[in-house]
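Colleague: fold the stuff below for me.
(chains A and B)
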Number of protein chains: 2
Amino acid sequence: MAISGFPELLPAQRFVELAVLDRLRYTFELHGFAPLETPAVESLDQLLRKGEIDKEVYVLRRLQAEAESGDSGLGLHFDLTVPFARYVLEHAGHLEFPLRRYQIQKVWRGERPQEGRFREFTQADIDIVAKDTLPFHHDVEVARVMAEALGVLDFLPPLRLQVNNRKLIQGFYEGLGAPDVPAVIRTIDRLDKVPADVVGQQLVMEAGLTAEQAGLCLQLAAIRTPDASFGSAVWALGVTSPLLDEGIGELTAVIDGCSTVTGVTVEADLRIARGLDYYTGTVFETRMAGFEGLGSVCSGGRYDSLASDGKTTYPGVGISLGVTRLLTPLLQRGLITGSRAVPSVVLVALANEAARGACDAIAQALRARGIPTEVAATPQKFGKQIRYAERRGIPFVWFPGEPHEIKDIRSGDQVDADPASWAPPDNDLRPQVLTQRVDA
Amino acid sequence: MAISGFPELLPAQRFVELAVLDRLRYTFELHGFAPLETPAVESLDQLLRKGEIDKEVYVLRRLQAEAESGDSGLGLHFDLTVPFARYVLEHAGHLEFPLRRYQIQKVWRGERPQEGRFREFTQADIDIVAKDTLPFHHDVEVARVMAEALGVLDFLPPLRLQVNNRKLIQGFYEGLGAPDVPAVIRTIDRLDKVPADVVGQQLVMEAGLTAEQAGLCLQLAAIRTPDASFGSAVWALGVTSPLLDEGIGELTAVIDGCSTVTGVTVEADLRIARGLDYYTGTVFETRMAGFEGLGSVCSGGRYDSLASDGKTTYPGVGISLGVTRLLTPLLQRGLITGSRAVPSVVLVALANEAARGACDAIAQALRARGIPTEVAATPQKFGKQIRYAERRGIPFVWFPGEPHEIKDIRSGDQVDADPASWAPPDNDLRPQVLTQRVDA
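Modeller: Below you'll find the predicted structure:
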C-alpha cells in the first residue's frame, strides 16, 4: 500500500511532472547551467555539519549488518545544497569557475507528512558558485533564469517571485539604531504567521525597539512593488545607511533585470527575510496564487560561503524550486492532469492476428518519423479498439487498408492517410498538460 | 569524499549519461511505453516477500528516532520489478491493461563494491503486463523495443542481445529423459564461469544425467545463431518434446521479429538460462564487446506471475538495462566522454562591464531560438575569454560590434553574424558523445 509522505503518480499525472522537469531543464540549459547529479546519500558527517539535525535525516543500515556493525554512516540527503557544496570541494580541481549547475533530484526528510510536506520530494536547484569572489550580476542572472523557468510553466496558477535583500533590511535596521538587528530580522520573519500588530509589540518587547522604530520596521515590511519604485518608498521613511543604499541598489538591479520576463510576477517584497543565517544579500521566495498555505515553493539567495576548504572560499547564489510541493496539491485536486495515460498518438487497429505483421510495419513507418504508435493488443471488434484508444486518451486510430484511413476519435473525422507521410498536429505529438480553472 | 560504490560524474560525463537516458526514453515512448516512477522506498514486507535478503537491502531509520522506535519499516528498493509489481496491484483500478511502462530510476544494494557492482545505480526497465493472460507477441515486442533502444546507443562498444527460451531448454531436458530438470538448468547456468568439461561432469554427478545426455546438453548450450537456423541445429540433436517445439517456435518468432533492428546484434544463444525461478519462457541477456567480465548488462524475460492479489494474476514480460553498469567502466577509462562541460554553444565576449546589458540582449536573442548561450563572467582580455570557452568546450565565441562577429574556436574561422538569425550546426547544439577506440 502507499506509504504516507511518499507520493506516487498515475501515468497521466507523471506526464505533467515530466513536462515540468523537461521545461525546467530546457530553460536552465539555455542559460548555460550544467546538469549535475550527486548520489542519494552523503556521509552523516557531511549531512550534520551545520547542526541540521532538525531536518530529520534518514540513516541507512544494511539489513544484513543488523547484528554486527549497525549503521552504515550514510544518510539520504535532505536538500541539494549540502551535496553540491561537498561536490564543489571534492571535484574543485576538475571544475571551471564560475560554475553554473542545475540539479533536479529527489530529497528525503523523515518529517511528519502533511499538506505540502513530504518525506520524498523532487527539487530543482540552480546555483552559480565561484572561487573567492562572485560578482553581483550573477544574482540578477539566477533570478532571471528561475523567473523565466517559472514563466514557462504556463499551466500553473499564477506565481509570484518575491525578492528582497538582506543588506537592505539590515542596513535599514542599523540606520534606525536597532540595538539587536538579528532579533529584528527573526521577529519580522514571523509576519507570515503572526498579525502585524503583534509583531510590532514583539519588536518592542523582544528586539528592544521603540514603538516608533517598530512602526517604521512594519512600514518597511509592507512595501511591495512590481518595479524599482520600492526605492523611493524606502527613502520616504527617512532612514539612511550606506548598507541600506547598497541593498536598494542590488534589489533594484534584480527587479530591473527581470522586467522583461513574462508569465510570472517578479516583485520587490521587503517583508521577505529568510530566517537562515547564511544568506547575505539577495533573498527569494515564491508564492502560488490560491495555495499561499503551502508557503514558499521556490526559495534561495546569496550566500558568501557555500563551501570552504580552509584555503579557498566558494561564494554562491542559488534558488531551489520544490517541484513536488508545487505539483502534488494541483494533481491531487485534479486541477491539472495529462491528456493521456500513454505516449502513443496512434493506435493501429488490428483486423485479425494474421494482420499483425502489416500493422507492425505501419507502426514502424510512423515511429521512424517520431510519432509514438502502438498496435492493438488483440483483434477485437473495431468499436472495442476505438474505446481502448479512448480510455487511454490516444487521439488517433489507424485503419489499415487500401487506402489506409485514420480517425481522430475526438472529432470523429476519418480521412485517407499514408504511413510514409501522415503526421499529427504538433499539439498531439506529446501528451498535453490539461488545466481546470481554480474556483477559489 | 566520494563514498565507495556510489559513482558520481563530472559535468561532461553527466552529458553522456543524459544522452543515454534521453535516447532510451525517446525509443520507449515511440513504442507507447508510459513513464512511471515509484518512490525510492518500499515497505520491508514488500522488499523481502520473495525471500530476497541476499540483495542486501538498505533499511531506513530516522536519525531522531534513535532511542525510541528504531527502524522505519522502510527500505530502499533494490530493483524496479518489485516496486512495479506493488504499483500494479495498488493502482490496478486506475490502470489500463495491457500496460506498457518504462521506469528509469536509481536502485540501491548494500553490496561490496567491485568493478561492475555498485551500491547505487541507474536501471532502465521496460515491461508489459496484462490481466490473467498476456499474448506471446508481447515477448517479441519487448525484445524489439529494447534491441532498438540499444541500437540507438551507437557510441557504445558492440552489444549482443542473447535470447533463449526456458520452454526450449526445459523441453529438451525433458525429452532427453533428465530426472531432475531444475538441477540441469542450475548446472548449465554455470557455463559462464566453469569450463564446459567440468559442467559436463557436474551434469552427471549432480543432475543425474548419463555421459551421453550430458554431452547433448552441452551441444545444445553451444548453439548460437544470429537467425532462426538454431531450430534445425536443435532438431539435429535428435531430442523431441512438445514443449521443445513450442520453445523453438517462440524463440524463432523473437529472433525473426528483431531481424530488421540495426546497431545491435540479436542472436539465439541456447546457453542462456537465467537462474531465477520466475522466468517461464523467453529469457534475455546482453554482453558488451570487450567488457564480457561485467556479465550481462541487460537482462529479463517472461514471467507468468509478475504480481497476484489472490484473485487476479498479472503475467508480464520485461527487460532491464543496467545503465550505470554499462557506462561507468567506459567513463572511468575515458573511452567515452561529453564534448563539453556546459550546455552552452556560444560565449558572448564582454568588452567591459558597461556592455553587459547589450551582451545579455544578444544572448537572449540566441536563447529565444533555442541556442544555449552564456555571457562572459568578467571583461577579461579577449584572449582570456577565448581560453575560458576552450576550457569548457564551448565551440563559439560571439564578439559584439558593428557588425557582430562569431568565431568557431576549433577552426579559428570568424565571420559576421546577426543575433536574430545565426545558428550553429545541428551537431553543435547539444554536447556530443565522444568515443575513443578500445585498444583491446
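
Colleague: and the residue of the stretch 101-250 of chain A closest to chain B?
Modeller: A:Gly110 (3.8 Å; C-beta to the nearest C-beta). All C-beta spots, glycine's among them, are computed from the backbone N, C-alpha and C.

Colleague: who's in contact with the residue nearest the centre of chain A?
Modeller: Nearest residue to the geometric centre of chain A (C-alpha atoms, centre = their mean): A:Leu321, 2.5 Å. Contact analysis of A:Leu321 by C-beta atoms under 8 Å, 6 or more residues apart in numbering or on different chains lists A:Leu24, A:Gln123, A:Ala124, A:Asp125, A:Met146, A:Ala149, A:Leu150, A:Thr286, A:Val297, A:Cys298.

Colleague: change it to 6 Å
Modeller: A:Ala124, A:Cys298 (C-beta atoms under 6 Å, 6 or more residues apart in numbering or on different chains).

Colleague: in which helix or strand does it reside?
Modeller: Element membership of A:Leu321, judged by DSSP states H and E, is strand A:313-322.

Colleague: in that strand, what's buried?
Modeller: In terms of neighbour count (16 or more other C-beta atoms under 10 Å in any protein chain shown), strand A:313-322 has its buried residues at A:Tyr314, A:Pro315, A:Gly316, A:Val317, A:Gly318, A:Ile319, A:Ser320, A:Leu321, A:Gly322.

Colleague: could you dump the residues you listed to JSON lines with pLDDT?
Modeller: As requested, the buried residues of strand A:313-322 are exported to JSON lines (pLDDT from 0 to 100):
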{"residue": "A:Tyr314", "pLDDT": "97"}
{"residue": "A:Pro315", "pLDDT": "97"}
{"residue": "A:Gly316", "pLDDT": "97"}
{"residue": "A:Val317", "pLDDT": "97"}
{"residue": "A:Gly318", "pLDDT": "97"}
{"residue": "A:Ile319", "pLDDT": "97"}
{"residue": "A:Ser320", "pLDDT": "97"}
{"residue": "A:Leu321", "pLDDT": "98"}
{"residue": "A:Gly322", "pLDDT": "97"}
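
Colleague: CSV please, covering those residues and showing distance to B:Phe28.
Modeller: Formatted as CSV, these follow (distance: C-beta to C-beta, whole Å):
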residue, distance to B:Phe28
A:Tyr314, 39
A:Pro315, 42
A:Gly316, 37
A:Val317, 37
A:Gly318, 33
A:Ile319, 32
A:Ser320, 30
A:Leu321, 27
A:Gly322, 28
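
Colleague: which residue packs closest to the residue of the stretch 251-400 of chain A found nearest chain B, ignoring adjacent ones?
Modeller: At 3.4 Å from chain B, A:Glu374 is the closest residue in the stretch 251-400 of chain A, using C-beta to the nearest C-beta. Among residues not flanking A:Glu374 along the chain, B:Gly32 sits closest, at 3.4 Å (C-beta to C-beta, 6 or more residues apart in numbering or on different chains).

Colleague: I figured that neighbour hits A:Ala341, correct?
Modeller: No: contact criterion C-beta atoms under 6 Å: B:Gly32 and A:Ala341 do not qualify, at 10.5 Å.

Colleague: picking that back up, now do the phi/psi pair for the residue of the stretch 101-250 of chain A closest to chain B.
Modeller: phi -80, psi 40 (degrees, to the nearest 10).

Colleague: need the contact list for it.
Modeller: A:Gly110 touches A:Glu56, A:Tyr58, B:Arg62, counting by C-beta under 6 Å, 6+ apart.

Colleague: hang on, the earlier thing: strand partners of the strand holding A:Leu321, parallel vs antiparallel please.
Modeller: If you go by DSSP bridges, strand A:313-322 pairs up with strand A:120-129 (antiparallel), strand A:298-308 (antiparallel).

Colleague: and the longest one, what's buried?
Modeller: When you say that, I think you mean strand A:298-308. Applying 16+ other C-beta under 10 Å to strand A:298-308 flags A:Cys298, A:Ser299, A:Gly300, A:Gly301, A:Arg302, A:Tyr303, A:Asp304, A:Leu306, A:Ala307 as buried.

Colleague: identify the bridge partners of the third one.
Modeller: Counting by DSSP bridges, A:Gly300 is bridged to A:Phe284, A:Ile319.

Colleague: hmm, it is touching A:Val317, no?
Modeller: No: taking contacts as C-beta under 6 Å, A:Gly300 lies outside contact range of A:Val317: 7.6 Å.

Colleague: picking up where we left off before, can you tell if the next helix or strand after the strand holding A:Leu321 touches chain B?
Modeller: Proceeding N to C from strand A:313-322, the next assigned helix or strand is helix A:323-332, under DSSP H and E. No: with C-beta under 6 Å from any C-beta of the partner chain as the criterion, chain B is not reached by helix A:323-332; the gap is at least 11.0 Å.

Colleague: for helix A:323-332, list the C-alpha coordinates in PDB.
Modeller: Extracted as PDB, the C-alpha positions of helix A:323-332 are listed here (Å, rounded to 0.1, in the frame of the first residue of the first chain):
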ATOM      1  CA  VAL A 323       8.600  20.600  -7.800                       C
ATOM      2  CA  THR A 324       6.700  18.000  -5.700                       C
ATOM      3  CA  ARG A 325       5.400  20.700  -3.300                       C
ATOM      4  CA  LEU A 326       4.100  22.700  -6.300                       C
ATOM      5  CA  LEU A 327       2.500  19.900  -8.300                       C
ATOM      6  CA  THR A 328       1.100  17.500  -5.800                       C
ATOM      7  CA  PRO A 329      -1.800  19.600  -4.500                       C
ATOM      8  CA  LEU A 330      -2.700  20.500  -8.100                       C
ATOM      9  CA  LEU A 331      -2.600  16.900  -9.200                       C
ATOM     10  CA  GLN A 332      -4.400  15.600  -6.100                       C
END
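
Colleague: tell me which residues are up against it.
Modeller: A:Pro7, A:Gln13, A:Gly116, A:Phe118, A:Phe121, A:Thr122, A:Ala124, A:Leu294, A:Val297, A:Ile336.

Colleague: rerun at 8 Å
Modeller: A:7, A:9, A:13, A:16-17, A:20-21, A:24, A:104, A:115-116, A:118, A:120-124, A:156-157, A:288, A:291, A:294, A:297-298, A:336-337.

Colleague: ok, stretch A:398-416 next?
Modeller: A:346-349, A:351, A:355, A:358-359, A:362, A:366, A:373, A:382, A:386, A:389-390, A:394-397, A:417-419, A:422.

Colleague: before we move on, what about stretch A:133-141?
Modeller: In contact with stretch A:133-141 (C-beta under 8 Å, 6+ apart) are residues A:31, A:98, A:128, A:130, A:250, A:253-254, A:257-258, A:281-282, A:302, A:315-317, B:356, B:377-378.

Colleague: looks like A:Phe396 contacts A:Leu347 (just checking).
Modeller: Yes: contact criterion C-beta atoms under 8 Å: A:Phe396 and A:Leu347 qualify, at 7.2 Å.

Colleague: without its sequence neighbours, what residue ends up closest to A:Arg271?
Modeller: Closest to A:Arg271 by C-beta to C-beta, 6+ apart is A:Ala221, at 4.2 Å.

Colleague: now do the phi/psi pair for the one you found.
Modeller: According to degrees, to the nearest 10, A:Ala221 has phi -70, psi -20.

Colleague: which pLDDT value belongs to it?
Modeller: For A:Ala221, the pLDDT comes out at 97.

Colleague: which residues of the stretch 101-250 of chain A lie near chain B?
Modeller: Residues of the stretch 101-250 of chain A lying close to chain B (C-beta under 8 Å from any C-beta of the partner chain) are A:Arg101, A:Lys106, A:Trp108, A:Gly110, A:Glu120, A:Ala130, A:Pro135, A:His137, A:His138.

Colleague: these in helices, which ones?
Modeller: A:His137, A:His138 (DSSP state H).

Colleague: and which of the residues of the stretch 101-250 of chain A next to chain B is nearest to A:Phe78?
Modeller: A:Phe78 lies nearest to A:Trp108 out of these, by C-beta to C-beta, at 6.5 Å.

Colleague: buried residues, the longest helix along chain A. List them.
Modeller: For chain A, the helix with the greatest residue count under DSSP H is helix A:11-30. Within helix A:11-30, the residues scored as buried using 16+ other C-beta under 10 Å are A:11-20, A:23-25, A:27-30.
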